[in-house]
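[1] here is the input, now give the coordinates:
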Amino acid sequence: MSSPVDPFQATTIQGDILIVDDIPENLEYLSKILTRQGHKVRSVLNGPTALKVAKAAQPDLILLDIKMPEMDGYQVCQRLKSDPFTQEIPIIFLSALDQTQDKVTAFSVGGIDYIPKPFQAKELTARVTNHLNLRLAKAQVQQLNAELEQRVIQRTMQLEREIGDRLKAQEQLLHVATHNRLTDLPNRAFLMQRLGQIFSQTLHQSKSKLVLMMIECEHLRLVNNSLGHSAGDQLIVSIMRRLQTCLGKEVLLAHFGNDTFAILLENCTNFSTALALAKTIQSETRLPFGIEEQPIYITLCISLVQNSATYEHPKYLLRDATTALSQAKIKGSGKIQVFDPAMHHRTLHFFAIQNELNIAIANQNLRLVYQPLQSLATDTIEAMEALVRWHHPQRGVIPPEEFISIAEETGLIVILDRYVLRQACTQLRQWQTSQLIDKTFRLHVNLSAQQLSQADFIDYLDRILSETQADCCNLALEITEEGLMQKDQFVLNVLDHLKQRQIHVSIDDFGTGYSSLSYLQLLNVQNLKIDRTFITPATGTLNPKIVSAIINLAHSLDMTVTAEGVETEAGLVELKALGCDFAQGYFLGRPMDSQQYEFRIKG
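    Model (predicted):
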């Protein structure tokens, strides 16, 4: 067949045509007409020959006479349609018979058209062209379908590859989301998923064999700061490998990031087994790690919590493991801590106090009381210490030792210190204005080590003094021995600024820290307060040798000495004999509010 054309265009198409007729004149006539149209024409006189030529030549169209000897056109058509090689060739019947039944028979055996004799040239060529166009269109449709099918196959393969790549990418993303980048261990999200699965499976069980262990490596920050983060990463990977040697294949080891690991024991029939594992891990990790050609020693803090029916969600199990780990770190280096429900109650209390203390400071619900410091030379009150008190609307009076420690641990002490300092300076100004105090009087205000290290402390102090108009010559700041012994140039600079402003500084709780005599000489400090543990020890009497040594040390450095915790007259007499300058304690006066102090002075 010639090159494809648009089947919908009204044009003449050239085709390969087989004419079958037992009359030679008909063959010659038809051949001339079709040849002039540009068709390739083959002619045969009988059916058997037509069958052979059709199978061999595969013409585009067959013109088939019905009335032929030996094998008529119906039989030839049936044979052609039954052969897979020729069944698709369109057949137009030619016949002088023009009865309806003849036409019905022609169509029933597979013919596509029926042209009666005598032939009309225009009708013949039009029908031949039409059927060739139809065949071409069918061929084109088949070709398009084949191409479309191939495209579908190719697109399907492409989609399968794309889906495969996408699934692989999703798997990689899921792996990244559920595994630690450094160690490739499961992370917190993975552990929570696994715990969720376990909880859903054991929801109705009264007991569980599940134990969660958390491990924190101490001194990692020191390694990072001294050898670099690359060395720190090597250390973490080495710890991971050391941990893996202690665990069975069925045990889940997770890495939460930085210095924290978790171990999930799903079938721990005996809790003592988990404790033994924790001790084994500590023992194995005490051996040095070779990092950058030098040995690194570490210690691990470990917490354990056992699942029980009280846990309704895995997040609470993880919460309590974290709480127990914090307790282990508080106890000291390399401790193992089993979770106790009381720890959770303490944590809740901790956060409640922290939150409510924030509110109390913001709403100015804290008040100051003042405890006298008596001169042992004149037996007169020459100073007062400002002490903060918290009267909670629901809890009542909350002891300072309960909320001060929480404030120090959370950093809230900086805000609390500034609140107390402002209130104290406001009160100091009132006393100065009313002339209840003279130039020798000192109002002592406690200052935390954290406050002392604040870069803006001196600026803040100046702002308070300016706003309250308090004369700073009556102000004394008490700083703990530990806070002053930081051996930091910044601390020395702050003390110099305080001296320039004529603000006295007192070392509080002296004797409980580790003072260096050489460093102590560098401090611009005017007073030293002996800790109450030396004044009123468990024996009930003061330790004269220690107290005397401290008094002599302070005097040699041109400092005055205050004894805290004076509870008896005998103690007071002994302190006078030892040369102590000031005393403070319940025997001399309990903390009082400003009105009580004013009444005492006026009285």
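
[2] can you pull the buried residues of the helix or strand hosting residue 373?
    Using DSSP states H and E, the element containing residue 373 is strand 366-375. Across strand 366-375, burial judged by 16 or more other C-beta atoms under 10 Å covers 366, 368-375. All C-beta atoms are positioned from the backbone trio N, CA, C, and that covers glycine.

[3] what is it packed up against?
    strand 381-392, helix 413-433, strand 442-447, strand 582-583, helix 594-602 (3 or more C-beta pairs under 8 Å, 6 or more residues apart in numbering; DSSP states H and E).

[4] please redo it, this time with the cut-off set to 10 Å
    strand 381-392, helix 413-433, strand 442-447, strand 560-563, strand 582-583, helix 594-602 (3 or more C-beta pairs under 10 Å, 6 or more residues apart in numbering; DSSP states H and E).

[5] packing partners for the fifth one?
    With contacts defined as 3+ C-beta pairs under 10 Å, 6+ apart, the packing partners of strand 582-583 are strand 366-375, strand 381-392, strand 527-530, strand 560-563, helix 569-578.

[6] swap in 8 Å and give it another go.
    Judged by 3+ C-beta pairs under 8 Å, 6+ apart, strand 582-583 is in contact with strand 366-375, strand 560-563.

[7] returning to what we had before: tabulate the helices and strands packed on strand 366-375 (CSV), appending distance to residue 43.
    Listed next are these as CSV, based on distance: least, C-beta to C-beta, whole Å:
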stretch, distance to residue 43
strand 381-392, 120
helix 413-433, 114
strand 442-447, 124
strand 560-563, 138
strand 582-583, 142
helix 594-602, 135
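
[8] CA-only coordinates of the strand holding residue 373 in CSV, if you can.
    C-alpha atoms of strand 366-375 as CSV (Å, rounded to 0.1, in the frame of the first residue of the first chain):
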residue,chain,number,x,y,z
LEU,A,366,6.6,38.9,97.9
ARG,A,367,7.5,41.1,100.9
LEU,A,368,10.7,41.8,102.8
VAL,A,369,11.4,41.4,106.5
TYR,A,370,14.5,42.6,108.3
GLN,A,371,16.7,40.8,110.9
PRO,A,372,18.9,42.9,113.1
LEU,A,373,22.7,42.7,113.2
GLN,A,374,23.9,43.8,116.6
SER,A,375,27.3,45.4,117.4
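
[9] residues contacting that strand, please?
    360, 380-391, 416, 419-420, 423-424, 427, 442-444, 562, 581-584, 588-594, 597 (C-beta atoms under 8 Å, 6 or more residues apart in numbering).

[10] may I see the buried residues of the helix-or-strand element of the chain with minimal mean pLDDT?
    For the chain, using mean pLDDT, DSSP states H and E, the weakest element among its helices and strands is helix 517-520, scoring a mean of 74. Neighbour-count burial for helix 517-520, counted by 16+ other C-beta under 10 Å, picks out residue 520.

[11] same question for stretch 580-591.
    Result for stretch 580-591 [16+ other C-beta under 10 Å]: buried residues 580-585, 587-589, 591.

[12] do the same with stretch 93-111
    93-95, 102-103, 105-106, 109-111.

[13] same check on stretch 175-186?
    178-180, 183, 185-186.
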